[in-house]
Structure formats: structure tokens, C-alpha cells
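Student: Give me coordinates for this.
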Amino acid sequence: NQYSVGVRKKIDYGKCQMEFGISAAFLQVINNQDIHTGSNTWLYTAPDGEYLALKYDITYNAALQGAPNFTGLPGVGASGDFHLGIMNRDKWKVTFDLSDIGVMTFRKTPVNYTGTNYVEFHGITIPDLLTFSAQTFDTLNLADSIKSKFPTQSTNAYTLFLPFNAQLIISKPFLHDKLVLSAGLQYRHLPGYKAYGFAKLNYFIRRDMVFSTSIGGGGYSTFNLGVEFAKTWKYFDFAIGTSNLLGVVAPPYYPGSGFYLRVAGSF
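Tutor: Residues are numbered from 1 along each chain as shown. The predicted structure follows:
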């Protein structure tokens, strides 16, 4: 649950116009799971099934008891958004947005698992199948031997930073506003995510119809080529496209494929 309040203001400053916005939010968290593994974590199965081998470096935090009532949620937090835009009379525009920057803390009955270990499992040896019975498992001490290899458990409170998003975009119209060129840089606070740079060209076939193409690199992939077609009516908006055309056509070679269809209405 997010409860937010904000303010937005436009200011004329000489030949430029500036827009400024800021908001703050209080967060209530119903459930949370957060898991991190080290770079040297792997699972191996021997070719003929002689054994399983596991090397792990793991940290796992969870708060999963749900929401018994409005004030009984397992986690609370706070976040904020910031927006700054500058546009001059030539209609070039620069915008900077910082979204969802904040923290969440979990203090009500959290569960944590942490550990680093190497484990080999060679199966279970039964000395004599003729004398096999339910009591045979009592002599194996499986629970104690396996638990000694597992991560340690605790109930410590923990805090997480939100996966915030930062974006800088510069845009400029050409050909009497029929062509709009935009370029930008985007960063998301996520593990393994690299800064994403992109350029986008919008061509207005008519005032209510636009075709767009874009190129970009970064994020979780190396190169993206996107296309989009959008149409606007009096009460409806329609858009269809992809941010990674190569991934849609050849997903084994270009990961991160995606296809979207958007329909919106106003009344």
C-alpha cells in the first residue's frame, strides 16, 4: 500500500519554462522475499548420477505472515519522487526524473537464512534390503547431517533499498513538429542492471497518428531495436510495438524480447 502526496509547479523564466515536481509516500508492505546469491554459486549433477554437488553463498530475508489488519503489516517504508523539466521557445526540452527512491524495513517476525558452504550428496546406503523397515531411517541421522550443511536461521530485522529508477531525456522537434528526436539515459537500481542509453525518433503521419523507432543499449542486454505505431481518437488511444525487435525475431541470440499492446480510454 502506498499513500503519497506531492506538488507540481510550472515557472516561466525568461525564454525558458521550468516545471518542478516532488512527492513523498508512506509504504505498508504485506509480504516480502529478498534473496541474494554470490557469484560462486552453482549446482552440479555427476554424469552418471553418482552424486549431486552444491556450492552456495546465499542471503535470504523474508516477511511472509501477510496482513492480519491495517496496522499489523510486517514492513513499513518511505519513498519519494522528483521531476525537473526545462523547455525553451525553440521547444527543445530536458527532463530528469527520479522515481521510487526510498527504503523499507521489516521488524515484525522476519526470517533470515545466511550461509556459505559446499555440499555433496551421494545418496542413501541401505545395508540390507532384506531387513529394511521404517526403523532403518532412524539409524541414518539424515536430519542432523543435512541440517549441518544448510544456511543458519535467524529472526533479525532487515532493511531494503527500493529499486529506484533515474532517467534523463533530451528532446527536440523538427520539420514543423512532424519529427521529434529524443535521446536519454536510464538507470535502475537492480542487481546486474547496466545504465541504458537510447535514442527515439517519432514521425507524426498525422497529428493523431505516429510511427516511432528506437535504438538502445544497456540494461540486461547489449543492443535493442524498437518500433511502435500509435493512433489517437477522441476518446481512445491505441499503441502496438516492441522495445526489442531483434529479440522478438531471434530470441536465442538477442535476449530480453518483449511485445506490448496498449489501449486507453478517457471519458
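Student: What ranges in the stretch 101-250 of the chain fall below the confidence cut-off?
Tutor: 125-147 (pLDDT under 70).
Student: in it, which spans are strands?
Tutor: Taking DSSP state E, counting those that start in this stretch as the criterion, the stretch 101-250 of the chain contains strands spanning 111-121, 152-154, 158-161, 165-174, 179-188, 194-206, 209-219, 221-232, 236-242.
Student: Report the angle between the longest one and strand 165-174.
Tutor: Relative orientation of strand 194-206 and strand 165-174, computed by axes from the mean of the first three to the mean of the last three C-alpha atoms, to 10 degrees: 30 degrees.
Student: what packs against strand 194-206?
Tutor: strand 179-188, strand 209-219 (3 or more C-beta pairs under 8 Å, 6 or more residues apart in numbering; DSSP states H and E). Backbone N, C-alpha and C define where each C-beta goes, glycine included.
Student: Export those strands to CSV and append columns for mean neighbour count and distance to R107.
Tutor: Formatted as CSV, the helices and strands packed on strand 194-206 follow (neighbours: other C-beta atoms under 10 Å; distance: least, C-beta to C-beta, whole Å):
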stretch, mean neighbour count, distance to R107
strand 179-188, 17, 27
strand 209-219, 17, 34
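Student: and of those strands, who's closest to G49?
Tutor: Proximity to G49 (C-beta to C-beta) singles out strand 209-219 among the helices and strands packed on strand 194-206, at 38.7 Å.
Student: one step back: could I get the strands of the stretch 101-250 of the chain as JSON lines with distance to L52?
Tutor: Below are the strands of the stretch 101-250 of the chain laid out as JSON lines (distance: least, C-beta to C-beta, whole Å):
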{"stretch": "strand 111-121", "distance to L52": "5"}
{"stretch": "strand 152-154", "distance to L52": "21"}
{"stretch": "strand 158-161", "distance to L52": "30"}
{"stretch": "strand 165-174", "distance to L52": "40"}
{"stretch": "strand 179-188", "distance to L52": "35"}
{"stretch": "strand 194-206", "distance to L52": "34"}
{"stretch": "strand 209-219", "distance to L52": "34"}
{"stretch": "strand 221-232", "distance to L52": "32"}
{"stretch": "strand 236-242", "distance to L52": "40"}
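Student: quick one, which of those strands is nearest to L54?
Tutor: Short answer: strand 111-121, nearest of those by C-beta to C-beta, at 4.6 Å.
Student: Any buried residues in the closest one, and which?
Tutor: V111, N112 (16 or more other C-beta atoms under 10 Å).
Student: Also stretch 225-242?
Tutor: Within stretch 225-242, the residues scored as buried using 16+ other C-beta under 10 Å are L225, G226, E228, A230, A239, G241, T242.
Student: Quick one: residues contacting the fourth one.
Tutor: For A230, the contact set (C-beta atoms under 8 Å, 6 or more residues apart in numbering) comprises M209, V210, S212, D237, F238, A239, I240, G241.
Student: Turn the residues you listed into JSON lines, columns for distance to K200.
Tutor: Output for those, formatted as JSON lines (distance: C-beta to C-beta, whole Å):
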{"residue": "M209", "distance to K200": "17"}
{"residue": "V210", "distance to K200": "11"}
{"residue": "S212", "distance to K200": "6"}
{"residue": "D237", "distance to K200": "18"}
{"residue": "F238", "distance to K200": "19"}
{"residue": "A239", "distance to K200": "13"}
{"residue": "I240", "distance to K200": "16"}
{"residue": "G241", "distance to K200": "11"}
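Student: and which of the residues you listed is nearest to S148?
Tutor: G241 (53.7 Å).
Student: Make sure G219 is actually in contact with Y196.
Tutor: Yes: between G219 and Y196 there is a contact under C-beta atoms under 8 Å: 4.3 Å.
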